[in-house]
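**Student:** need a structure here:
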Amino acid sequence: MSRLLKISIFLVAILIPAFIVGCSSQFRAVGEDSASTREYTSQPAVGNKRTSVQGGVTIEVEWVRSQDAAENNNAVFQVAMDTHSINLDGYDLKELAVLRDDKGNEYTPASWESGPGGHHREGILTFSLAYSPERSGQKSIEMVIRDVAGVSERVLRWQL
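**Tutor:** Take a look at the predicted model:
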């Protein structure tokens, strides 16, 4: 066998498996433990959606801003949780989530409407507040979701 053919076979034997392994691995920030309390987010600077990717679970929260919700002092959120590692049906966001304003006041949800979904779960999380966040003079509001997939706290923040 020619030397060039041997080198080509060797390179193909090394590069193809390395490429397959690299493409099939999940992205993880350098030094990040999957059960870490550090937050990895892909949050836009503006807009209504926020995302937390930690502990093998992605939680995407969209603030559904509507005139009706604002007039009734409600904050309504569409929540999607996705994973390939655990069953998400045991997580009740009415018990695990709070809304916190920029003065440190925390509000518990009025309701969490969601059906079972296993690895992919969606629902509506509603907070009844004493005031409309958009009209209160607050600068920001954040949702804190605790104890999902070994992550002690996820913080998703919106500027008002």
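**Student:** any idea how far Met81 is from Gly118?
**Tutor:** For Gly118, the distance to Met81 (C-beta to C-beta, to the nearest Å) stands at 10 Å. For the C-beta atoms, the positions are set from N, CA and C on the backbone; glycine is no exception.
**Student:** Common neighbours of the two, please.
**Tutor:** Shared contacts of Gly118 and Met81 (C-beta atoms under 8 Å, 6 or more residues apart in numbering): Leu88.
**Student:** Between those two, tell me which one has more neighbours.
**Tutor:** Set Gly118 next to Met81 and count neighbours by other C-beta atoms under 10 Å: Met81 wins out with 24 against 10.
**Student:** residue contacts, the more buried one?
**Tutor:** Val57, Thr58, Ile59, Glu60, Leu88, Tyr91, Gly117, His120, Arg121, Glu122, Val148.
**Student:** Buried only: go through these for me.
**Tutor:** Among the contacts of Met81, those classed as buried by 16 or more other C-beta atoms under 10 Å are Val57, Thr58, Ile59, Glu60, Leu88, Tyr91, Arg121, Val148.
**Student:** I'd like those residues as TSV, with distance to Ala110, pLDDT and secondary structure appended.
**Tutor:** Shown next, in TSV, are those (distance: C-beta to C-beta, whole Å; pLDDT from 0 to 100; DSSP: H, G, I helix; E, B strand; the rest coil):
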residue	distance to Ala110	pLDDT	secondary structure
Val57	24	97	strand
Thr58	25	97	strand
Ile59	20	97	strand
Glu60	21	97	strand
Leu88	21	95	coil
Tyr91	18	94	coil
Arg121	19	95	strand
Val148	20	96	strand
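**Student:** Make JSON lines from those residues and add distance to Phe127 to it.
**Tutor:** Listed next are the buried ones among the contacts of Met81 as JSON lines, based on distance: C-beta to C-beta, whole Å:
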{"residue": "Val57", "distance to Phe127": "22"}
{"residue": "Thr58", "distance to Phe127": "22"}
{"residue": "Ile59", "distance to Phe127": "16"}
{"residue": "Glu60", "distance to Phe127": "18"}
{"residue": "Leu88", "distance to Phe127": "21"}
{"residue": "Tyr91", "distance to Phe127": "17"}
{"residue": "Arg121", "distance to Phe127": "19"}
{"residue": "Val148", "distance to Phe127": "18"}
